[in-house]
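Trainee: pasting the sequence and the predicted model now:
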Amino acid sequence: MRMFQKSIFRGVVLAVFLGTTATVQGGMAVIAHPSNSLAGISQEQLARIYLGKTREFSDGKPVTPVDQRQGSAIRNKFYKTVTDKDEIAVKAHWSKLLFTGKAQPPQDLGDDDSVKAWVAKNPEGLGYVDGKVLDKSVKVLLILP
Amino acid sequence: MKNRLMNALAMCLCLGAGEVYAVQGITLNGFMTAGAVYSDTNVTTLGGSSAGGVVSQDGNITNSVGFSNDSRIGIQISAKVNPKIDVTGQLLARGREDNYSMKADWAFVTYHVSDPLALRGGKVKLTTFLISDYIEVGYAYPWIRPPQEVYSSNPISTINGVDMLLRMNVGDFTFLFQPYYGTSQGAQALVPQEVVPGVPTLLGGPVPSVAPRSFGDVVYADFTADRMAGINLSVGTDVFTVRAGYLQTLVSAPAFGVREDDVTFSSAGGTLDWHNVVLYGEYFQREIKGFANRAFPNQKGFYTTAGYRIGQFLPNVTYAKLDKNAQTGDLGIPVMQTSVTVGLRYELGAGAALKLEAQQIKPEESAPGVGTRGLLIGVPEDNKAMIYGVAIDVVF
């Protein structure tokens, strides 16, 4: 676990250091608005946000997470990595929360480009995209393998 | 505002199922169950009146194939007014009521005071059991219908009032503290068959507004519940949830001469979803005082469900029991039965499931001479009733 965190940390450092030209080979980037002041985000906090357990970043600022298209490989991989749930388990989780009116699932925005474009425009935004599409418009909070 | 909603609705309908449509902070979601149910039980004539082939006490499960009992469709509309306030409403149409006429099941405004604390006001869901919050959303639980020995015991599903949701994350655990206060108007309670023949006079004298009844008649009592105060507590992780709840209220049913009788209702239960093991278990007891007790006796009940996930299949078995909760001075005749249900849920991709169920119900006699009926009508003494069901549940 520690090793793992270290490698994530290195990934973040690398991404930040190399700036926007970094291509994260085969990796997935968790992205936020450039004005976001966090240095990074833990997988635990990501899971809490994406499963509707909190509406805030760890610094208390409001967060609005967005999703890639349902059924897409990147979305399934993201949830499996962060929450250890497959597509059906995530759907089941939300069907229990959503229809009680207690929380709303992240909006489904489609693909890498639309997620990146949306996060680039929304200070509360949080998303995940393929490392290949990263550019200056968004800030990388975490690199997932 | 109304226009915008209508536009959103129209666009959603054009996009069809599978899309969650959001426009300017308005989100639409829906769920649907299409189910067929059949009982092969021989129905006899009881008390001189033909039960007419009806098996369940509410008349919706019969010994011919029926589609109305479990079928329903719901649409939920959520609108974000500002970062702190949102509005949520749910429209629901059931096959068993007025041929699918839509009605507002609930509608409330939520004020997010802080991340862990929210206040809600309006018509809110009454959380008396594990799945009360999403009882209409069949996709969210393993059975076609939640075990009736427990879930039929509280006829109130929503209250007009306020509640508070205090949710705290401590490590992997989420604690919920949810007190509520409100009233319920216009709810209907099914009068148990055990007391139906006595209906006009059972409340201490003839009630002119109530016609004489006999076995097999389906009788509902309109009632109100005032000054309802209760609390729902739970703790859980992604793997398990344990909850407990308590409420007290004053029940009135003017047509039946019931005025502000004390009712208390307690329940506790838990659920586990660990690796491939799925478990549910719940218990309740209710105490109803005064005249109301004659038609709505003190009861207790429980069920346990165990399932094991094998790929896309979830075979499961449920044992349930509805029992008397005897108190001294009881006037009512409790309803008693046990049942065993064997079910199979099959995932049809994300957001849809197919379910098959077979349930064997054994009514028990609660008092000499009353006969054994349980939650059924017209099932001969010492007979077991079989109910078969198939349903498709969808969320979109």
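Mentor: Received the coordinates, thanks. The structure presented is a predicted model; accordingly, all values stated were derived computationally and were not measured. Residues are numbered from 1 along each chain as shown, chains lettered A, B, ... in the order given.
Trainee: quick check: bridge partners of residue B:108?
Mentor: residue B:88, residue B:122 (DSSP bridges).
Trainee: what do you get for residue B:385?
Mentor: residue B:361.
Trainee: wait, it touches residue B:358, no?
Mentor: No: in this structure, residue B:385 is not within contact of residue B:358 by CB atoms under 8 Å, at 11.4 Å. Quick note: C-beta positions are derived from backbone N, CA and C, even for glycine.
Trainee: between these two, which has more neighbouring residues?
Mentor: Each of residue B:385 and residue B:358 has its neighbours counted (other CB atoms under 10 Å in any protein chain shown); residue B:385 has more, 27 against 13.
Trainee: who touches residue B:358 in this structure?
Mentor: Going by CB atoms under 8 Å, 6 or more residues apart in numbering or on different chains, residue B:358 touches B:341, B:342, B:343, B:386, B:387, B:388.
Trainee: enumerate the residues of chain A near chain B.
Mentor: A:48, A:51, A:53-56, A:60, A:62, A:70-71, A:83, A:85, A:87-88, A:90-93, A:95-96, A:98-102, A:104-105, A:107-108 (CB under 8 Å from any CB of the partner chain).
Trainee: and these, which of them are buried?
Mentor: Among the residues of chain A next to chain B, those classed as buried by neighbour count (16 or more other CB atoms under 10 Å in any protein chain shown) are A:48, A:51, A:53-56, A:70, A:83, A:85, A:87-88, A:90-93, A:95-96, A:98-102, A:104-105, A:107-108.
Trainee: name the nearest residue to residue B:340, ignoring sequence neighbours.
Mentor: In space, and not counting its chain neighbours, residue B:340 is closest to residue B:360: 5.2 Å by CB to CB, 6 or more residues apart in numbering or on different chains.
Trainee: number of residues surrounding the one you found?
Mentor: Count around residue B:360 with other CB under 10 Å applied: 13.
Trainee: can you report phi and psi for residue A:49?
Mentor: Main-chain dihedrals, residue A:49, degrees, to the nearest 10: phi -70, psi -50.
Trainee: so how far is residue B:92 from it?
Mentor: 30 Å (CB to CB, to the nearest Å).
Trainee: more neighbours, those two?
Mentor: Neighbours per residue (other CB under 10 Å) separate residue A:49 from residue B:92, with residue A:49 holding more: 21 against 18.
Trainee: does chain A sit close to stretch B:72-85?
Mentor: Yes: Stretch B:72-85 comes into contact with chain A (CB under 8 Å from any CB), by way of B:74, B:76, B:78, B:83.
Trainee: may I have that stretch as PDB, with CA atoms only?
Mentor: C-alpha atoms of stretch B:72-85 as PDB (Å, rounded to 0.1, in the frame of the first residue of the first chain):
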ATOM      1  CA  ARG B  72     -45.300   0.300 -11.400                       C
ATOM      2  CA  ILE B  73     -43.300   3.100 -12.900                       C
ATOM      3  CA  GLY B  74     -41.800   6.100 -11.200                       C
ATOM      4  CA  ILE B  75     -40.100   9.300 -12.400                       C
ATOM      5  CA  GLN B  76     -37.900  11.400 -10.100                       C
ATOM      6  CA  ILE B  77     -37.200  15.000 -10.800                       C
ATOM      7  CA  SER B  78     -34.400  16.800  -8.900                       C
ATOM      8  CA  ALA B  79     -33.600  20.500  -9.300                       C
ATOM      9  CA  LYS B  80     -30.700  22.300  -7.700                       C
ATOM     10  CA  VAL B  81     -32.000  25.700  -6.700                       C
ATOM     11  CA  ASN B  82     -28.600  26.800  -5.400                       C
ATOM     12  CA  PRO B  83     -25.600  25.100  -3.900                       C
ATOM     13  CA  LYS B  84     -27.400  24.700  -0.500                       C
ATOM     14  CA  ILE B  85     -30.900  23.900  -1.600                       C
END
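Trainee: so where do the strands sit in the stretch 151-300 of chain B?
Mentor: B:158-170, B:173-190, B:220-236, B:240-253, B:258-274, B:277-288, B:299-308 (DSSP state E, counting those that start in this stretch).
Trainee: list the contacts of whichever residue of the stretch 101-250 of chain B sits closest to chain A.
Mentor: Here the stretch 101-250 of chain B gets closest to chain A at one residue, residue B:133, 3.9 Å apart by CB to the nearest CB. Contacts for residue B:133 were tallied using CB under 8 Å, 6+ apart; they are A:96, A:99, A:100, A:102, B:125, B:127.
Trainee: now do residue A:82
Mentor: So residue A:82 contacts A:43, A:46, A:47, A:50, A:144 (CB under 8 Å, 6+ apart).
Trainee: so how far is chain B from the fourth one?
Mentor: According to CB to the nearest CB, to the nearest Å, residue A:50 stands 12 Å off from chain B.
Trainee: again, but for the second one
Mentor: Taking CB to the nearest CB as the measure, residue A:46 falls 14 Å from chain B.
Trainee: that's a helix at that residue, yeah?
Mentor: Yes: counting by DSSP: H, G, I helix; E, B strand; the rest coil, residue A:46 is found in a helix.
Trainee: what stretches of the chain score poorly on pLDDT?
Mentor: Here I'm looking at chain A. A:1-26 (pLDDT under 70).
Trainee: actually, chain B is the one I wanted.
Mentor: B:1-24, B:41-54, B:97-99, B:198-210, B:367-372, B:378, B:380-382.
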